[in-house]
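1. Quick one, structure for this:
(2 chains)
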Amino acid sequence: MKELPFSGVVDAAMADELARLAGVLCEIDTRLDELTRQEIDSVVDEHGHVFLLRHAQTHLRKTEAAKQAAIINALPAHIALLDAQGLIVSVNEGWRRFAGASMLHNPGWGVGLDYLRICDEASVAEAPAGRAIGAGIRAVLSGEQKIFSIEYACLSGREQRWFLLSVTPLILDRPLGAVVMHVDITGRRVSQQNLFDSESRFRQMAETIDDVFFLADTTATLMIYVSPAYERIWGLTRESLYADPSSWIQLLHAEDRAEVVLKWADVSCAGFDQEFRIVRADGQLRWMHLRGYPLLNDDGVAYRIAAVATDITQRKVAMRKLLESERRFSDLLRDVHLASVMLDMHGTITFCNDYFLRLTGWEAEQVIGQNWFERFIPWQHSTDKSVFSGHLARQLESWQRENQIVTRSGERRRMRWSNSLLRSEEGELLGSASIGEDITEQHAAELKIRHLNRVYAVSSGIGGLILRGLDRDELFREACRVAVEAGGFRMAWIGMIDADSTCIVPVASAAMSKDHLQEITQRLNKVEGLWLGDSPGAQAIRERKPVVANDLQSNPTITSGHRYRSYGIGALAAFPIIVDEAPVGVLSLYADDADYFHEEEMKLLCELSSEIAFAVDHIGKAQKLNYLAYYDSLTGLANRTLFLERVAQYVRSAINDGHGLAVWLMDIERFKNVNDILGQAAGDMLLRQVSRWLTGSAGDVHLVARVGPDLFAVVLPVIKESGDLDHLVEKKIDSFTAQSFQINDTALRIAAKVGCSRFPDDGVDASVLLRHAEVALKKAKMRGERYLWYQPQMTEKVSAHLMLESQLRVALERQEFVLHYQPKVDLRRRTLTGAEALIRWNHPRRGLVAPSEFIPVLEETGLIHQVGAWALRRAMKDFLRWRNHGLRAVPIAVNVSPIQLRKRSFVEEIEQVLSTGFNAADGLELEITESVMMSSVMQTIDTLRAVRSLGVKIAIDDFGTGFSSLNYLSRLPVDILKIDRSFVNDMTNGPQGIAVVTTIIALAKSLRLKLVAEGVETEEQAQLLTEHGCDEMQGFLFSRDLPADIFEAQFLRDSTPV
Amino acid sequence: MSESDVFRFQLFVAGDALHSSQAIANLTALCVDYLPNRHDIDIVDVFRHPADARAARVTATPTLLKLSPPPAVAIVGTLNNTRAVLDALGLGNS
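-> Sure, this is the predicted structure:
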């Protein structure tokens, strides 16, 4: 066996052989390349040994080294390799810069130094974590611990910076050393710190955040508050923690417990910042990071312990993955939850890691080679590119930047990037390398907390005001003050709608200068009418929903943008204050920041404005309650309740003094017509005037009451046996009727019916007296008497009315209604032109009942809908039958009640009737009384237009009795005018009478309406109407109304002479 | 698709060495173009699995073995001549 060359001596023979073998190796290499056209890298012998060819070896060495160097250098983290003894073997670019910013202030960037010693000797003041770091590194180097990581702070100049340090062993076949990595997490730490500044915010945050919040007293023996997340993370109920405040420690991992207990005991002095594991009852292991600190009062004395525990399990897992990767540094990038991107000088993407791809949803080939700014930066953020170019131009070695990137799905993610320049080995600038943390959720949570905190503060502040039972103005003032002081809003004001001037009047404000408030008041005052103007407040009131302007300074549609600029206001929101579904005012809030009001804030603030509205309503009601309980709000008279109380008192004194008393109940006749025709406002005006008249007439306001919509009651406290009460009632009614009431420049005379009852004859109880007066009134109305005294048998009559109603319901079921037809004829030729359908009730015992007896009851009970619809169907059926049987089928006019017209589905009902036959519209006309048509012109017009568009003709019934003005008539959708019988009757009584009819006819002609005269009874009337150009007539002169079969036989058969 | 339609390959490579990397890229491209959805590639690093190489009687890298469908074929080289590779794999008229 030959000597191996390890002896240090190489004899000649051996040297020869070595040379020869080397030659053979070269030859083999060359030959292999020849054989395989240089296409192989390695050969494998029969034992499975692999021999890399020379060129492959060189290539691999080069690329591997280059790759590693590039990646390590490009990382914004600060990385050093330590050998097994803790000496720094090599460092990356980041480390070199870091050396200047950290405790490793050292001109040689530390290479060759003992890192352990540096840690051990670090000044406690500047780097308090130094010892812990040293111990951690030792543990990793010795193999005791697989990973070690710690967050620590250190002073760099005057600035405190935070770092996350992690140490992983470097192992190939044996431990070689460790990798030490520092990541600057200052940004994250600072933002976390800022969040915890007050107890109230703490509590409010607690409910919305995934972290666990604790609030305890200074001895940590009383748990004041723990957030709901505790239950989810610890798997224990909150109650259990309140019961035993130290129970959270019991779940701690055995290895961590002792230290946590020790440090937690000192939390009120030194604070607490520790990571530990908990083992839940269900076996789950969680890594927690708990930071605790004392809350100090103004004197600097701790009065609370606040703590927040963050579940860092995921981060730990990720970190472990990161740190456990053994083979290459590039693996670090692959597994870590940090995005890594490299750009060339032009912003073209040259590298990105898997995490970045997962984050953005793109495939590598769709990203590499693309321009970063075009693919990932929202177009609005074009400055990103100039910032990038600027940094490259200035050769700024590293910088941090937060921005937004757009993912493949279009979603925006907020990223915090650590960037550094990327250089070639020769130092030539190649581009940039960046490591980015996805802080979207964190950022959103911070913003949310900041905003919501303020809003919550306002909400709870105002909630408290409501409980304090302030009056309205105080409440408003306080609400504005709370919004500014607790809510941090820049200014706030509340305006109410002034009913008289219909403009918004600011009634309370906070933090607003006099000038500004005056300016707003003037602006609001300038507008006229119901429009209220176009200010956000007016808009909010008009639309009954909040109005937001988040971009006041840039929004060109905000007219006073320059004003807001001068006041430094970025955003405003106006919330309508809505009471009983009517907007009564507006709450305006101004914020410094643009873009302040988002969905969440708006939701809360809306609730807030409804709370204010609730309070306004509540205050208003409390004041009104007493009044409303006893007085009628429209007239100021006593209401029924108070009236009864007073009558009861008068009854008592009447009993004592031995005299009688009387109760009169007065109903204004056709009050409903006034309301319908002149409008409710006019109706109200009339009621107020009537109440004044009654008060004057009775001589004492205490004797009068309004007990129903158009029902007034009067009590006569003393009546004498001898007194002529009938005379008194008549006198009063006469003077009432003689009185003319002034409604909107119109003098109106109205009639009244009175029902009377008497103590003690008609009852000894106030309510009985009033009820009997009501019965007497009903009876008077039925009989058409101006007044009636109560009679015992009247009660029976009233029940007869009820009987009638039930009979009518049965009549509908039993089909006891019939249609009679009255012919309409052409005046000149006296030929049949149509028929009016008239409804009759064929009562089984009473025979035919007149419409005047049952139509009002039908209308009162709503039965009119069914009966009216029946009449329409019946008439249509008859018309179609006539036509199908070859009879002279003339159109039938059907009367329609106002109640039917008001029903939304009326047009559909007509459509349905028309659908029963071909060209059915030819056979149907609708007659509507004039007063109905005028009472709700707009609504009626729409309905009638729709009906008319179906081909049905419309007639105005009883024309001349309503309030039609000529103006309106031209606009009404009508075809036929029916002259009321009273005019026809008066026609022959003198020139006045004929003049009215002439005018009506002329009017109708000018509007191209067909004219039908009703109630024509004499030949003389027919002659006059013919002469004046009337088209048709209807009346006894020609024929009365007839049952359908007789009408058919008489008028519709061809043989019948007409 | 029956099992026999699937081309099962084993590609023996030497880590990241140049020719090996080329062979991986060429094979992948070829499969995507000519055998979409009917190929199965198993890449074997001879440094990590020398026994596999010995068992398959692979003597050099890169070497491509076609395991199925029969007949079994072995091709040594970077596979950059697509036409020749297709012929060897019996896909000449593709």
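
2. Assign residue A:706 to helix, strand or coil.
-> Assigned by DSSP: H, G, I helix; E, B strand; the rest coil, the conformation of residue A:706 is strand.

3. Pick out the residue closest to the middle of chain A.
-> Centrality entry for chain A: nearest residue to the mean C-alpha point is residue A:603, 7.1 Å, by C-alpha atoms, centre = their mean.

4. do the same with chain B
-> Nearest residue to the geometric centre of chain B (C-alpha atoms, centre = their mean): residue B:64, 3.4 Å.

5. Off-centre distance for the helix or strand it falls within?
-> Element membership of residue B:64, judged by DSSP states H and E, is strand B:63-68. Centroid separation for strand B:63-68 versus its chain: 5 Å, with C-alpha atoms, centre = their mean, to the nearest Å.

6. hey, which helix or strand in the chain has the poorest pLDDT?
-> Using chain A. Sorted by mean pLDDT, DSSP states H and E, the helices and strands of chain A end with helix A:329-335, the least confident at a mean of 51.

7. let's do chain B instead
-> Min over SSEs of chain B, mean pLDDT, DSSP H and E: helix B:50-55 (a mean of 83).

8. Just the CA coordinates for it, please, in CSV.
-> What follows is helix B:50-55, C-alpha atoms only, in CSV (Å, rounded to 0.1, in the frame of the first residue of the first chain):
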residue,chain,number,x,y,z
PRO,B,50,-27.1,8.4,-4.8
ALA,B,51,-28.7,5.1,-4.1
ASP,B,52,-31.6,5.9,-6.4
ALA,B,53,-29.1,6.7,-9.2
ARG,B,54,-27.2,3.5,-8.6
ALA,B,55,-30.5,1.5,-8.6
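
9. Residues touching the very next helix or strand once past it, excluding its own?
-> Moving toward the C-terminus from helix B:50-55, the next helix or strand (DSSP H and E) is strand B:60-61. Defining contact as C-beta atoms under 8 Å, 6 or more residues apart in numbering or on different chains, one finds that strand B:60-61 is touched by A:32, A:36, A:40-44, A:50, B:12-14, B:17, B:19-20, B:46, B:53, B:76. For glycine as for every other residue, the C-beta is placed from the backbone atoms N, C-alpha and C.

10. Within range of chain B, give me the residues from the stretch 351-500 of chain A.
-> Within the stretch 351-500 of chain A, not a single residue sits near chain B (C-beta under 8 Å from any C-beta of the partner chain).

11. In the stretch 351-500 of chain A, which residue sits nearest chain B?
-> Taking C-beta to the nearest C-beta, chain B has its nearest neighbour within the stretch 351-500 of chain A at residue A:365, 12.4 Å off.

12. Pretty sure that residue sits in a helix.
-> Yes - counting by three-state DSSP, residue A:365 is part of a helix.

13. Distance-wise, check it relative to residue A:849.
-> Distance from residue A:365 to residue A:849, counting by C-beta to C-beta, to the nearest Å: 93 Å.

14. and the residue in the stretch 601-750 of chain A that chain B sits nearest to, what helix or strand is that in?
-> Among the residues of the stretch 601-750 of chain A, residue A:603 lies closest to chain B, at 50.9 Å counting by C-beta to the nearest C-beta. According to DSSP H and E, residue A:603 maps onto helix A:599-630.

15. okay, now the residue in the stretch 51-200 of chain A positioned nearest to chain B: neighbour count?
-> Proximity of the stretch 51-200 of chain A to chain B (C-beta to the nearest C-beta) peaks at residue A:56, 4.2 Å away. Look at residue A:56: counted by other C-beta atoms under 10 Å in any protein chain shown, it has 21 neighbours.

16. near chain A, which residues of chain B?
-> Residues of chain B lying near chain A (C-beta under 8 Å from any C-beta): B:12-20, B:46-47, B:50-51, B:53-54, B:58-62, B:76-78, B:80.

17. From those residues, keep the buried residues only.
-> Buried residues within the residues of chain B next to chain A, counting neighbours by 16 or more other C-beta atoms under 10 Å in any protein chain shown: B:12-20, B:46, B:50, B:53-54, B:58-62, B:76-78.

18. Doesn't residue B:37 lie inside a helix?
-> No - according to three-state DSSP, residue B:37 belongs to no helix; its state is coil.

19. Verify the stated contact: residue A:167 with residue A:149.
-> Yes - counting by C-beta atoms under 8 Å, residue A:149 is a contact partner of residue A:167 at 7.2 Å.

20. before we move on, back to that, show me what contacts the residue nearest to the centre of chain B?
-> Residue B:64 neighbours (C-beta under 8 Å, 6+ apart): B:9, B:10, B:11, B:12, B:23, B:27, B:74, B:75, B:76, B:79, B:85.

21. Which secondary structure state is assigned to the fourth one?
-> For residue B:12, the reduced secondary structure class is strand; criterion used: three-state DSSP.

22. Show me the beta-bridge partners of it.
-> residue B:44, residue B:63 (DSSP bridges).

23. Just to check, it is in contact with residue B:48?
-> No - applying C-beta under 8 Å as the test, residue B:12 and residue B:48 come out as separate, 11.0 Å apart.

24. So what's the gap between the one helix or strand residue B:20 maps to and the chain middle?
-> If you go by DSSP H and E, residue B:20 is part of helix B:18-34. Counting by C-alpha atoms, centre = their mean, helix B:18-34 is centred 8 Å from the centre of its parent chain.

25. Then stretch A:747-757?
-> Relative to its chain's centre, stretch A:747-757 lies at 51 Å (C-alpha atoms, centre = their mean).

26. Also stretch A:52-64?
-> With C-alpha atoms, centre = their mean, you get 68 Å for stretch A:52-64.

27. which other residues reach it?
-> For stretch A:52-64, the surrounding residues in contact (C-beta under 8 Å, 6+ apart) are A:29, A:32-33, A:38, A:40-43, B:14-19.

28. Tell me the one among these nearest to residue A:492.
-> Nearest to residue A:492 among those: residue B:16, at 67.5 Å, using C-beta to C-beta.

29. what about the residue nearest to that closest one when sequence neighbours are not counted, is that helix, strand or coil?
-> Nearest residue to residue B:16, sequence neighbours excluded (C-beta to C-beta, 6 or more residues apart in numbering or on different chains): residue A:60, at 6.2 Å. When classified by three-state DSSP, residue A:60 comes out as helix.

30. circling back: residue A:365 and residue A:849: who's more crowded?
-> Neighbours per residue (other C-beta under 10 Å) separate residue A:365 from residue A:849, with residue A:849 holding more: 18 against 8.

31. Can you get me the start-to-end distance on stretch A:369-379?
-> The first residue of stretch A:369-379 is 19 Å away from its last residue (C-alpha to C-alpha, to the nearest Å).

32. Need the mean per-residue confidence for that stretch.
-> Throughout stretch A:369-379, pLDDT has a mean value of 87.

33. Stretch A:339-355 too?
-> Mean pLDDT, stretch A:339-355: 85.

34. Ends of it, what's the gap?
-> Distance between the boundary residues of stretch A:339-355 (C-alpha to C-alpha) amounts to 6 Å.

35. quick one: buried residues of that stretch?
-> Buried residues in stretch A:339-355, counted by 16+ other C-beta under 10 Å: A:339-344, A:347-353, A:355.

36. Throw these into TSV and include secondary structure and distance to residue A:732, thanks.
-> Output for the buried residues of stretch A:339-355, formatted as TSV (DSSP: H, G, I helix; E, B strand; the rest coil; distance: C-beta to C-beta, whole Å):
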residue	secondary structure	distance to residue A:732
A:339	strand	94
A:340	strand	99
A:341	strand	97
A:342	strand	103
A:343	strand	100
A:344	strand	105
A:347	coil	98
A:348	strand	102
A:349	strand	99
A:350	strand	105
A:351	strand	104
A:352	strand	98
A:353	coil	100
A:355	helix	95
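
37. from those, which single one is nearest residue A:691?
-> So of those, ranked by how close each gets to residue A:691 (C-beta to C-beta), first place is residue A:339, at 79.8 Å.

38. residues contacting that closest one?
-> Going by C-beta under 8 Å, 6+ apart, residue A:339 touches A:352, A:353, A:355, A:356, A:359, A:415, A:434, A:435, A:436, A:437, A:438.
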